[in-house]
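Student: Structure of the sequence below:
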Amino acid sequence: MDELSRRKMLLAGGALGALGVLGAAGPAHAKPAWTWAPGGSVAGSGAGSDPDWVWDDEADEVLGAVLARGEVPRVNELLRTWTRNDQPLPDGLPQDLREFMENARRLPAWADAGKLDTAAEFNKTKGIYVGALYGLGSGLMSTAIPRESRAVYYSKGGADMKDRIAKTAKLGYDVGDLDAFQPRGGMIVTAVKTRMVHAAVRNLLPRSPGWTDTSDGQTIPISQADVLVTWHSLATFVMRKMIEWKVRISSADSEAYLHVWQVTASMLGVRDEYIPATWAAANAQSKQLLDPVLGPTEEGVKLCEILLDIVAELDAGLTRPLISAFSRYTLGTQIGDWIGLSREPFWQPTIEAVWPLLVAFREGLIPLPLVPEAAWTVEEVIRKVVLLFLSEGRGIHIELPDANRPS
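Tutor: Below is the predicted model:
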């Protein structure tokens, strides 16, 4: 795959996958008591407080002030020019916001440049799997996370999902870019802007009657737990599925892929005491945070339908049935039912039969003659889907909201 195709695939895969990262929010089920030990975190210690009741005080205070002063339009205009990690912040930003951003753009002290480089190469070589899982796994799973789907639906971006997806693609693309955390890259910029969007939503969404009526008692959205739920629906889920698919992953690549997401969590404002230090710790935390909160919501079904309608622009006759079947294969029957994926009597057994063979061929485990023709049809449709939202020809700007979704 050439570099342009890889960039297109990662951008589009992130478009669906990063939907969760930019909009987390309200529980459908009671979660178990918080028992995950901070000894398993990158910090190695911590207070052990339940992250469901911890937010991002520094960001929330600053963005609350920006909103109160009516400065969001001017700030968005200025931040359109800030696109590279090595760029100075634009002149004219409010002083309190500038001070926050200068601090927020610093990588954590424990970031390892070598591991970040290894992760970038891993994303390049395993891009077909990562892109498919971000888009057709994590992205659609986000509609089965009640807090997440409700926050997306009732926030300003929920009124125009295609535009929302084009913007959220930015994080999914940048985290997998070869230059992600390099000076010429853009992931630091994207992470800081995303963290500020979260803070703006935390200030705005409690004013939305639609959200408060469905928040199940949550008074402030996007807690540290919510961000971690989304983190697991991306990083932990993707690694778990690649292992299940028997994708060849070296220990160095596995560690590096975890590290790039550890750094990303930190840049999004997650406290070190909550960021898992190992995949074992991540899997344990995921079982406590992600698994219990998955469930159906009216908003989630609507969002899933919107996503599938956008995908169907490719070729409604072929693409939508195949994508529904592939997502059911990836997410399982229960989640598929929760989010309203259609049952496809032809494509579901076909994908179950041919996808493992396609993976085995790509990993050098079987020769080409053993891969049936249907496998290439599946791969081509998936590739088109992850290319769908390529928008590098026009600027993609993550912008702060100044209101909720119109009634």
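Student: Contact partners for residue 42?
Tutor: 108, 110, 262, 266, 272, 275, 276, 277 (C-beta atoms under 8 Å, 6 or more residues apart in numbering). Where you see a C-beta, it was placed from the backbone N, CA and C, and this is true even at glycine.
Student: I'd like to know which of those are buried.
Tutor: Buried subset of these (neighbour count, 16 or more other C-beta atoms under 10 Å): 262, 266, 272, 275, 276, 277.
Student: Closest one of those residues to residue 95?
Tutor: Minimum distance to residue 95 across the buried ones among the contacts of residue 42 is 24.6 Å, recorded for residue 266 (C-beta to C-beta).
Student: any idea whether the closest one is helix, strand or coil?
Tutor: Here residue 266 is recorded as helix under DSSP: H, G, I helix; E, B strand; the rest coil.
Student: how close does the residue lying closest to it once chain neighbours are set aside sit to residue 47?
Tutor: Excluding the flanking residues, the one nearest residue 266 by C-beta to C-beta, 6 or more residues apart in numbering is residue 108, at 4.5 Å. Look at residue 108 and residue 47: by C-beta to C-beta, to the nearest Å, they are 19 Å apart.
Student: re the thing from before, helix or strand: which one has the residue nearest to residue 266?
Tutor: Remark: residue 108 resides in no helix or strand, with elements defined by DSSP states H and E.
Student: Tell me which residues are up against stretch 87-101.
Tutor: Taking C-beta under 8 Å, 6+ apart as the rule, stretch 87-101 contacts 58-59, 62-63, 65-66, 69, 71, 74-75, 78-79, 81-82, 102, 189, 192, 196.
Student: Just the ones of those residues in strands?
Tutor: Among these, no member is found in strands (DSSP state E).
Student: Among the residues you listed, name the buried ones.
Tutor: Among the contacts of stretch 87-101, those scoring as buried are 59, 62, 63, 66, 71, 75, 78, 79, 82, 189, 192, 196 (criterion: 16+ other C-beta under 10 Å).
Student: if I look at the third one, how far off is residue 55?
Tutor: So the one you mean is residue 63. Distance, residue 63 to residue 55, by C-beta to C-beta: 11 Å.
Student: can you list residues touching both of those two?
Tutor: residue 202.
Student: Can you list which of the contacts of stretch 87-101 are found in helices?
Tutor: Counting by DSSP state H, the part of the contacts of stretch 87-101 found in helices is 58-59, 62-63, 65-66, 74-75, 78-79, 102, 189, 192, 196.
Student: will you turn these into JSON lines that also has pLDDT?
Tutor: Shown next, in JSON lines, are those (pLDDT from 0 to 100):
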{"residue": "58", "pLDDT": "97"}
{"residue": "59", "pLDDT": "98"}
{"residue": "62", "pLDDT": "98"}
{"residue": "63", "pLDDT": "98"}
{"residue": "65", "pLDDT": "98"}
{"residue": "66", "pLDDT": "98"}
{"residue": "74", "pLDDT": "98"}
{"residue": "75", "pLDDT": "98"}
{"residue": "78", "pLDDT": "98"}
{"residue": "79", "pLDDT": "97"}
{"residue": "102", "pLDDT": "98"}
{"residue": "189", "pLDDT": "95"}
{"residue": "192", "pLDDT": "97"}
{"residue": "196", "pLDDT": "98"}
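Student: between these, which is closest to residue 147?
Tutor: The shortest approach to residue 147 among the ones in helices among the contacts of stretch 87-101 belongs to residue 59, at 18.4 Å (C-beta to C-beta).
Student: what bits of the stretch 301-407 of the chain have low per-residue confidence?
Tutor: Flagging of the stretch 301-407 of the chain using pLDDT under 70 yields the residue ranges 312-318, 386-396, 407.
Student: Give the helix, strand or coil label for residue 55.
Tutor: Taken by three-state DSSP, the conformation at residue 55 corresponds to coil.
Student: Please list all residues in contact with it.
Tutor: By C-beta under 8 Å, 6+ apart, the residues touching residue 55 are 202, 220, 222, 223, 224.
Student: one step back: separation between the residue nearest to residue 266 and residue 263?
Tutor: From residue 108 to residue 263 the distance is 6 Å (C-beta to C-beta).
Student: Residue 192 too?
Tutor: Applying C-beta to C-beta to residue 192 and residue 263 gives a distance of 13 Å.
Student: before we move on, what about residue 301?
Tutor: Per C-beta to C-beta, residue 301 is found 34 Å from residue 263.
Student: So if I had to pick from these two, which one is more boxed in?
Tutor: Between residue 301 and residue 263, residue 263 has the larger neighbour count (other C-beta atoms under 10 Å), namely 26 against 17.
Student: where's the closest residue to residue 260 other than its chain neighbours, which helix or strand?
Tutor: Closest residue to residue 260 apart from its sequence neighbours, by C-beta to C-beta, 6+ apart: residue 119 at 3.8 Å. Following DSSP H and E, the helix or strand that holds residue 119 is helix 113-125.
Student: Return the member of the buried ones among the contacts of residue 42 nearest to residue 86.
Tutor: Of all the buried ones among the contacts of residue 42, residue 86 sits closest to residue 266, with 19.3 Å by C-beta to C-beta.
Student: so who does that closest one touch?
Tutor: Residue 266 sits next to 42, 107, 108, 111, 272, 275 when contact means C-beta under 8 Å, 6+ apart.
Student: what sits against the residue lying closest to the fifth one once chain neighbours are set aside?
Tutor: Setting aside the residues directly before and after it, residue 272 is nearest to residue 43 in space (C-beta to C-beta, 6+ apart), at 3.8 Å. When the contact criterion is C-beta under 8 Å, 6+ apart, the partners of residue 43 are 271, 272, 273, 275.
Student: Count the neighbours of residue 361 for me.
Tutor: Other residues near residue 361 come to 16 when the count uses other C-beta under 10 Å.
Student: oh sorry, the question was meant for residue 376
Tutor: The number of residues packed near residue 376 is 12, by other C-beta under 10 Å.
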